[in-house]
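Engineer: structure of the sequence below:
(3 chains)
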Amino acid sequence: MLISKIIELLKKGNSNYVSSKIIKDINIENASSIESAKDKDITFLEENNIIKDSFASTKAAVIIISDNPNLINLTKDKLISTIVVKNARIAFAEVLESLYETNIYVEGINETANIHEECLIGENCFIGANVSIGKNTKIGNNNQIFPGVVILGDVEIGNNNIIHSNCVIYQNSTIKNNCVINSNTVIGSEGFGFIPESGRWIKMPQKGGVILHDSVEIGTNSCVDRPSVGHTIIGEGTKIDNLVQIGHGVKIGRNCAFAAQVGIAGGATIGDGVILAGQVGVNNRVKVGNNVIASSKCGIHCDVKNGEIISGFPAMKNKSWLRSSAIFKKLPDLVKKLRDIEK
Amino acid sequence: MLISKIIELLKKGNSNYVSSKIIKDINIENASSIESAKDKDITFLEENNIIKDSFASTKAAVIIISDNPNLINLTKDKLISTIVVKNARIAFAEVLESLYETNIYVEGINETANIHEECLIGENCFIGANVSIGKNTKIGNNNQIFPGVVILGDVEIGNNNIIHSNCVIYQNSTIKNNCVINSNTVIGSEGFGFIPESGRWIKMPQKGGVILHDSVEIGTNSCVDRPSVGHTIIGEGTKIDNLVQIGHGVKIGRNCAFAAQVGIAGGATIGDGVILAGQVGVNNRVKVGNNVIASSKCGIHCDVKNGEIISGFPAMKNKSWLRSSAIFKKLPDLVKKLRDIEK
Amino acid sequence: MLISKIIELLKKGNSNYVSSKIIKDINIENASSIESAKDKDITFLEENNIIKDSFASTKAAVIIISDNPNLINLTKDKLISTIVVKNARIAFAEVLESLYETNIYVEGINETANIHEECLIGENCFIGANVSIGKNTKIGNNNQIFPGVVILGDVEIGNNNIIHSNCVIYQNSTIKNNCVINSNTVIGSEGFGFIPESGRWIKMPQKGGVILHDSVEIGTNSCVDRPSVGHTIIGEGTKIDNLVQIGHGVKIGRNCAFAAQVGIAGGATIGDGVILAGQVGVNNRVKVGNNVIASSKCGIHCDVKNGEIISGFPAMKNKSWLRSSAIFKKLPDLVKKLRDIEK
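Structural biologist: This is a model prediction of the structure:
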């Protein structure tokens, strides 16, 4: 794609185009990181010193930068075509999308798919090899269901969803629109509900369901359990990474982001815009307010108010945790001082 | 189901029926949580203040409560049918089981299943689409094996087991009776055994097997590895949640419960009745006694005696951990005091 | 296999044979642990007190020991055949490999495999039931691809690889030679890349790929994500356990070993020979030097120099962590002392 064509495209996009400078209007073949870019590549520059160091030696033909005087200054004397926008990451995302054709899977139902006759399947769907779809399932338009997916029956799937290979979707699951579920993830598996009785565990039947609202994305090898009654719910626009556990009856708000290996125990309630870093755990029935940020490995055992930034286990305010952690390292010195004073 | 019929059913069950009061013997359509119950629903009340608050506003037609004077008092003046039992959770479990028909999968072997001719398959089994079963596998009666399961050969499966979609069961695995293995879980994969030698890793072949005793349940996306020699063993009645790692050669006792994302390293021995909360880790070769309880994120690096309640990392007695954790938050104050004293 | 034949085999192997003593040259039927060995079994003795205690009562016919005066002394008066080598574990690995025939899967492509016509498949490959292979995939010689595997297209696989059941391999993945990928693992799934914009998450397309170099092994239910541009790379000889997350754009060196439930966030760089114990987390963009060892549950949030041994969260030197953790348990005593001094 010619640099001039990329600029046209960005002008119509959401990155807020500011200006550009073309050294030579060549055909761009690839998008690359600033370190590994070759002479027919496009790249972008983050407002981040580590990457800035790489700028001097980059071989890229064209670079997208944000509207920042330092960055503009840095690029102005170099023989590199430059595109200035308000949000360089969004511009780069748009370039990636248009530079690489998405693998277009042939519309249609593979002949090895095993679909129960009492199902409704909409238009323009791709249903891959060895997919199984059980009784009373309704699937809307423009869905892509990849090889090996099992949908057990009594499932509702809206429009424009992508369900990757070997996922399992249980009965009473609802997937609205524009969702992505990555490979080997399980939606609607039975919650871990057992009642202790005379030293044994009696099973609480899990008869509820799961609802994924619009634009939810879930990574690979993750689990969303169904509860005994009612629903486990994930709100619109929430993004969940790999190997994440969402317990039975959990309610998650809109536009959250949970990193890999997060675990949310049964019955917890998570607000809107909550960010949980990797390996964070949330205890059962805990309520986490809106826009809370928890740093990696945080263990949230109590309710958390809106907007708090928390860390550690048990979770505390991030600033307090940083201070206490710094002292933790020096506890031997502290003990020594105490002994000196005692003497 | 009429309220009067539900009462009859509970009298025959295991919740220990005490008494009941019927306002109007209507047909109950659903079981719900106390907050979301509608006027044809049954619910139950836990001895728990959070839920008690919800009682005033519930719309449920009938409520199951335990034989507790406070709860009986709370319900006596309200126009709601009431069923009093010793164990309200068990009663609710029994109601759920009878109110909702289990998806009955048609007995029989799907024509797309790929079963080696040197296999024995018992009576009344359901074997779903695209199941693969290898040589020398013996499967008893009344088993449900869902679509996409792969059983690699030399496997023994008893009676009344449910193996959910896309599970993989390796050679030398034995699954006794009444077990449930949820989707995408792998039983008998090779243990992580490598010998360091001149800066490289030499593989220790993993030729052992896995034994799951009666009534074991394992969640989704979990792993039970096989050892180099001997067996990895999970005792009768033990329940394991999602995304759990059971290392090679681990021995687990009876009636344990492990929450999501627990990891047990190779060669560890876990007693009977052990409860491990979410994200707990157990180091290799560690011995954990009977009835130990470890709270979430606990790291068990040393042997633990019977009956201990432990927390933190490295694991210590829960009470001690609570006290030390409370002080951890206040370490900056402590340091300040020390400085004041020094002056 | 006769004991004399086992000795011949070990002389040709890599354990460095020293000497042997045969009480009776019987036929060995099984390899077992020292505790559970029967009278026709071979076992081995580690330089480890726990196992030494088991020696007195073992029923094994023959035992492999390392060239250690204490062990030789321990065994000399007992009526047990003995094989002395420099490395007893490697000897035992070699015996296991020869004593048990590997399940030889019949060469050939199962008739239910779904292979796109624009693929190249080498010689002597096993391709199991219900395998799906997409367009433009090149597969070398002597590969074993087990039932239910999905390879989505544009994938390159070298020679002598084993891909276990229900794995998913995405486009732009390269798997070199002699790799093992265990069941339900996903290679090349899209990285978790989202750009925050006005309270929502905009997707950064993930158009890069994954490269696994020679002799990489990955456990079950693990994930290796692909980045937006460039490659996620795992170096030669690196071994990864179950339920591990390798984020997008991560670069891992040679001969590392990562235990179960480790998580490496996007963009991190790991050196050669790094050992990460169970449930360790590495923050995004962190650089971990060569031969670093991190103990279980360690949280690595900053760059780590070559050769360091680290523990805790935030990570610190292991020795320092041990000291501070010991004091952590006694914080209540410390507070009491401070109060006494204040008085």
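
Engineer: just checking, residue A:30 touches residue A:36?
Structural biologist: No - taking contacts as Cβ atoms under 8 Å, residue A:30 lies outside contact range of residue A:36: 9.7 Å. The way it works is simple: take the backbone N, C-alpha and C, and place the C-beta from them, glycine included.

Engineer: overlap in contacts of those two?
Structural biologist: Common neighbours of residue A:30 and residue A:36, using Cβ atoms under 8 Å, 6 or more residues apart in numbering or on different chains, are residue C:229.

Engineer: in terms of pLDDT, where does the residue most central in space within chain A sit?
Structural biologist: Residue closest to the mean C-alpha point of chain A, counted by Cα atoms, centre = their mean, is residue A:239 at 3.6 Å. Here, the pLDDT recorded for residue A:239 equals 98.

Engineer: ok, now which ones touch it?
Structural biologist: A:216, A:217, A:256, A:257, A:258, C:192, C:194, C:201 are the contacts of residue A:239 under Cβ under 8 Å, 6+ apart.

Engineer: show me which of the residues you listed is closest to chain B.
Structural biologist: Checking the contacts of residue A:239 against chain B by Cβ to the nearest Cβ gives residue A:258 as the nearest, at 13.1 Å.

Engineer: and that closest one, what are its bridge partners?
Structural biologist: residue A:240, residue A:276 (DSSP bridges).

Engineer: the strands in the stretch 1-150 of chain A, which residues?
Structural biologist: For the stretch 1-150 of chain A, applying DSSP state E, counting those that start in this stretch gives strands covering A:17-21, A:30-31, A:41-45, A:62-66, A:81-85, A:108-109, A:114-115, A:120-121, A:126-127, A:132-133, A:138-139, A:144-145, A:150-151.

Engineer: please name the residues that touch residue A:285.
Structural biologist: Applying Cβ under 8 Å, 6+ apart, we find residue A:285 in contact with A:265, A:266, A:267, A:268, B:50.

Engineer: scan those and report the most crowded one.
Structural biologist: Counting neighbours by other Cβ atoms under 10 Å in any protein chain shown, residue A:265 comes out on top of those with 28 neighbours.

Engineer: please report the distance of that residue from chain C.
Structural biologist: To chain C, residue A:265 is 17 Å away according to Cβ to the nearest Cβ, to the nearest Å.

Engineer: do the same with residue A:280
Structural biologist: 10 Å.

Engineer: hmm, that residue is touching residue A:301, no?
Structural biologist: No - using Cβ under 8 Å as the test, residue A:280 is too far from residue A:301 to be in contact (11.6 Å).

Engineer: comparing the two, which residue is more hemmed in?
Structural biologist: residue A:280 (26 against 18).

Engineer: who's in contact with the more buried one?
Structural biologist: So residue A:280 contacts A:258, A:259, A:262, A:263, A:294, A:295, A:296, A:297, A:298, A:299, A:300 (Cβ under 8 Å, 6+ apart).

Engineer: as a markdown table, the residues you listed with pLDDT, secondary structure and neighbour count would be great.
Structural biologist: Shown next, in a markdown table, are the contacts of residue A:280 (pLDDT from 0 to 100; DSSP: H, G, I helix; E, B strand; the rest coil; neighbours: other Cβ atoms under 10 Å in any protein chain shown):
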| residue | pLDDT | secondary structure | neighbour count |
| --- | --- | --- | --- |
| A:258 | 98 | strand | 29 |
| A:259 | 98 | coil | 28 |
| A:262 | 98 | coil | 28 |
| A:263 | 98 | strand | 30 |
| A:294 | 98 | strand | 27 |
| A:295 | 98 | coil | 22 |
| A:296 | 97 | coil | 25 |
| A:297 | 98 | coil | 27 |
| A:298 | 98 | coil | 29 |
| A:299 | 98 | strand | 22 |
| A:300 | 98 | strand | 25 |
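
Engineer: which one among those residues gets closest to residue B:16?
Structural biologist: Using Cβ to Cβ, residue A:263 comes nearest to residue B:16 of the contacts of residue A:280, at 34.8 Å.

Engineer: contacts only, for the closest one.
Structural biologist: Contact partners of residue A:263, counting by Cβ under 8 Å, 6+ apart, are A:244, A:245, A:247, A:280, A:281, A:282, B:243, B:260, B:261, B:278, B:279.

Engineer: distance check, the first one against chain C.
Structural biologist: Between residue A:244 and chain C the distance, using Cβ to the nearest Cβ, works out to 10 Å.

Engineer: surely that residue and residue A:217 touch.
Structural biologist: No - the criterion here is Cβ under 8 Å, and residue A:244 misses it with residue A:217 at 11.4 Å.

Engineer: around chain C, pick out the residues from the stretch 151-300 of chain A.
Structural biologist: By the rule Cβ under 8 Å from any Cβ of the partner chain, the part of the stretch 151-300 of chain A lying against chain C is A:164-166, A:182-184, A:217, A:219-221, A:237, A:239, A:241-243, A:255, A:257, A:259-261, A:273, A:278-279, A:296-297.

Engineer: of those, which belong to strands?
Structural biologist: When those are checked against strands (DSSP state E), the matches are A:217, A:239, A:257.

Engineer: tabulate the residues you listed in a markdown table, adding columns for distance to residue C:61.
Structural biologist: As requested, those are exported to a markdown table (distance: Cβ to Cβ, whole Å):
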| residue | distance to residue C:61 |
| --- | --- |
| A:217 | 58 |
| A:239 | 59 |
| A:257 | 59 |
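
Engineer: closest to chain C out of those residues?
Structural biologist: For those, the residue nearest chain C by Cβ to the nearest Cβ is residue A:239; the value is 5.2 Å.

Engineer: residue A:140: how many residues sit nearby?
Structural biologist: Per other Cβ under 10 Å, the neighbour tally for residue A:140 reads 20.

Engineer: which residues of the stretch 1-150 of chain A score low on pLDDT?
Structural biologist: Scanning the stretch 1-150 of chain A for pLDDT under 70 picks out A:48-52, A:102-104.

Engineer: residue numbers of it in contact with chain B?
Structural biologist: Contact residues, the stretch 1-150 of chain A versus chain B (Cβ under 8 Å from any Cβ): A:112, A:114, A:130, A:132, A:148, A:150.

Engineer: by neighbour count, which of the residues you listed wins?
Structural biologist: Using other Cβ under 10 Å as the neighbour test, the residues of the stretch 1-150 of chain A next to chain B are led by residue A:148, with 30 neighbours.

Engineer: residues contacting the closest residue to it other than its chain neighbours?
Structural biologist: In this structure, residue A:148 finds its nearest non-sequential neighbour in residue A:166, 4.2 Å apart by Cβ to Cβ, 6 or more residues apart in numbering or on different chains. Neighbour list for residue A:166: A:147-149, A:183-184, B:148, B:166, B:184, C:148, C:150, C:166, C:168, C:184 [criterion: Cβ under 8 Å, 6+ apart].

Engineer: so which of those comes closest to residue B:7?
Structural biologist: In terms of Cβ to Cβ, no member of those lies closer to residue B:7 than residue B:184, at 40.5 Å.

Engineer: torsion angles phi and psi at that closest one?
Structural biologist: When read as degrees, to the nearest 10, the backbone of residue B:184 gives phi 60, psi 20.

Engineer: TSV for the contacts of residue A:263, including pLDDT?
Structural biologist: What follows is the contacts of residue A:263, written out as TSV (pLDDT from 0 to 100):
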residue	pLDDT
A:244	98
A:245	98
A:247	98
A:280	98
A:281	98
A:282	98
B:243	98
B:260	98
B:261	98
B:278	98
B:279	98
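
Engineer: give me the buried subset of the residues you listed.
Structural biologist: Buried subset of the contacts of residue A:263 (neighbour count, 16 or more other Cβ atoms under 10 Å in any protein chain shown): A:244, A:245, A:247, A:280, A:281, A:282, B:243, B:260, B:261, B:278, B:279.
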